[in-house]
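Enquirer: test case, fold it:
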Amino acid sequence: MPSTRPSIRTVALVVLLVVGLGCSFTFHAVASGDVAYTATAVEPGEDPKRVADVAPDVADLNERLAGTEPEHRRPVREAERTGSYAGTVSPDLSIVLDDLESTRFVVSDSQYYAWNLTTDDETTSVEIEMRPVDATTVYTEVARPVETASTDVQQAVETGNATATGVGIERGLYEEDGTYYVVAPENEAAIAGRLLGTFVGFALIPVGRGYLAVALGLLALRYRESTVDRPLSPRRAVGVALLALPVALVGTALFESGSLSRFVTGPASALVVAGGVLAGVLAFRRQWLRLAGLTVGLGVLVVGAITVVLGLVGLFLGPLVVLLGLVAGVVPFGFGYWFGRREPATDSGTEPDVL
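Expert: All right, here's what the predicted structure looks like:
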């Protein structure tokens, strides 16, 4: 009498199903997490760097110039010493100054300066004006009223801290009834980790849906023909891979919002991942020409579809999507190669265990 225990293949498919679900919802889990922010009362005479770290109109000049050679900083130091500089600067300094063109105030050696920068788009010629100002002037100019800020900022000011989801609270210098508050993340590393996690999670959405399609497709075939040990054929592998399209479309409709282009880019990305199962079958059968045709044809199709909905951006994003799909498709490739051959009998000589 044959065993009723699930086979190794069935267990592997269930594991793939769980991994696919995890990858599909990593982005949502990360994006919905809370980030703690604090609101700290400050006086104009306190450390200016705290203000420069949160106020978009104030920059820490020493920090910005830290990666520039000392001899290249001389134009800025001359403006700091004399009040102005007009002339050319090194390309390295020019790059740094480009980020300071809209800055209103800078901090250098704990002193605030009114900052005015004019650049030439065609050359590295600049005009720099630096005028010492007191901290009270800076606070008055850059602080935003708490009453017009978001409710999260108001909560942080009222209680000293707040938590936010999504993009978080807008950090900055705020004022209420003559008191100034610095609102900033409690842990800067948590913000960086959150951004990285969000990026990785977003990239894993189509990967997870591709894995889900392969797992569901192969499990359906095993359930429908549980008494037949039939190797996975290229035709059936095509059906399994194409299952990525409805899986991704349903996932996009239920769990995503925004541009309609996601209904093209998401399914196209998942299809590349799931296409690995067909590639695995072709590799097992040593049908190398068909494998090459599949890789090139699917890549061109996906890049073309993404370019149609995104325009010229698609010419850059499309190849990245294909590359990600090919890398992540190694897992479905392994399943295709494995399922492309007949399942061996157990050691006792009985038929292989089935679902």
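Enquirer: who's in contact with the closest residue to Arg171 other than its chain neighbours?
Expert: Leaving aside its sequence neighbours, Arg171 sits nearest to Val54 (Cβ to Cβ, 6 or more residues apart in numbering; 4.4 Å). To be clear about C-beta, it is placed using only N, CA and C from the backbone, and glycine gets the same treatment. Residues counted as contacts of Val54 (Cβ atoms under 8 Å, 6 or more residues apart in numbering) are 171-173, 182-184.
Enquirer: and Leu93, by the same measure?
Expert: 65, 68, 72-73, 75-76.
Enquirer: measure the residue nearest to Arg171 to Arg64 for me?
Expert: 16 Å (Cβ to Cβ, to the nearest Å).
Enquirer: same thing with Gly299?
Expert: Taking Cβ to Cβ, one finds Gly299 at 42 Å from Arg64.
Enquirer: distance of the residue nearest to Arg171 relative to Asp60?
Expert: Separation of Val54 from Asp60 (Cβ to Cβ) stands at 11 Å.
Enquirer: same question, Val107
Expert: Val107 sits at a distance of 5 Å from Asp60 (criterion: Cβ to Cβ).
Enquirer: identify the contacts common to those two.
Expert: Taking Cβ under 8 Å, 6+ apart as the criterion, Val107 and Asp60 both touch 49, 52.
Enquirer: of the two, who's got more company?
Expert: Set side by side, Val107 and Asp60 show more neighbours around Val107, with 24 against 16, by other Cβ atoms under 10 Å.
Enquirer: list the beta-bridge partners for that one.
Expert: Asp60, Tyr112 (DSSP bridges).
Enquirer: what residue is smack in the middle of the protein?
Expert: Nearest to the geometric centre of the chain sits Phe199, at 1.5 Å (Cα atoms, centre = their mean).
Enquirer: model confidence for it, exactly?
Expert: With respect to pLDDT, Phe199 scores 80.
Enquirer: confirm Arg230 sits in a helix?
Expert: No - per DSSP: H, G, I helix; E, B strand; the rest coil, Arg230 lies outside any helix segment and is coil.
Enquirer: ok, it - how many residues close by?
Expert: If we define neighbours as other Cβ under 10 Å, then Arg230 has 12 of them.
Enquirer: for it, give me its contacts.
Expert: Neighbouring residues of Arg230 by Cβ under 8 Å, 6+ apart: Arg342.
Enquirer: what separation do you get for it and Arg222?
Expert: The gap separating Arg230 from Arg222 is 10 Å, by Cβ to Cβ.
Enquirer: how about Gln155?
Expert: 53 Å.
Enquirer: check Ala253 too.
Expert: Taking Cβ to Cβ, one finds Ala253 at 28 Å from Arg222.
Enquirer: the more surrounded of the two?
Expert: Neighbours per residue, other Cβ under 10 Å: of Ala253 and Arg222, the larger number sits with Arg222, 20 against 11.
Enquirer: by contact count, what packs against the helix or strand harbouring that one?
Expert: Here Arg222, judged by DSSP states H and E, is contained in helix 188-224. For helix 188-224, the elements it packs on are helix 8-31, strand 35-42, helix 234-242, helix 244-255, helix 262-274, helix 276-284, helix 312-328, helix 330-339, judged by 3 or more Cβ pairs under 8 Å, 6 or more residues apart in numbering; DSSP states H and E.
Enquirer: could you redo the last one with a cut-off of 7 Å?
Expert: If contacts are counted by 3 or more Cβ pairs under 7 Å, 6 or more residues apart in numbering; DSSP states H and E, helix 188-224 sits against helix 8-31, strand 35-42, helix 234-242, helix 244-255, helix 262-274, helix 312-328, helix 330-339.
Enquirer: would you mark the buried spots in that helix?
Expert: 191, 194, 197-198, 201, 203-219, 221-222 (16 or more other Cβ atoms under 10 Å).
Enquirer: any idea how far Ala79 is from Met130?
Expert: To Met130, Ala79 is 5 Å away according to Cβ to Cβ.
Enquirer: show me where the chain dips below the pLDDT cut-off.
Expert: 1-6, 31-34, 162-169, 187-191, 194, 225-229, 257-258, 343-355 (pLDDT under 70).
Enquirer: could you list the domains of it?
Expert: 8-30+191-339, 48-133 (automatic domain parsing).
Enquirer: dump the ones you listed to JSON lines, plus distance to Val42.
Expert: Listed next are these as JSON lines, based on distance: least, Cβ to Cβ, whole Å:
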{"stretch": "domain 8-30+191-339", "distance to Val42": "20"}
{"stretch": "domain 48-133", "distance to Val42": "6"}
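Enquirer: out of those domains, deepest packed?
Expert: Mean neighbours per residue, mean count of other Cβ atoms under 10 Å, is largest over the domains of the chain for domain 8-30+191-339, with a mean of 19.
Enquirer: starting at the chain centroid, how far to that one?
Expert: 19 Å (Cα atoms, centre = their mean, to the nearest Å).
Enquirer: ditto for stretch 148-167
Expert: The answer for stretch 148-167 is 24 Å, by Cα atoms, centre = their mean.
Enquirer: oh, and call the first residue 50 from now on, that's how I've got it
Expert: In the new count, where the first residue is 50, that last one comes out as stretch 197-216.
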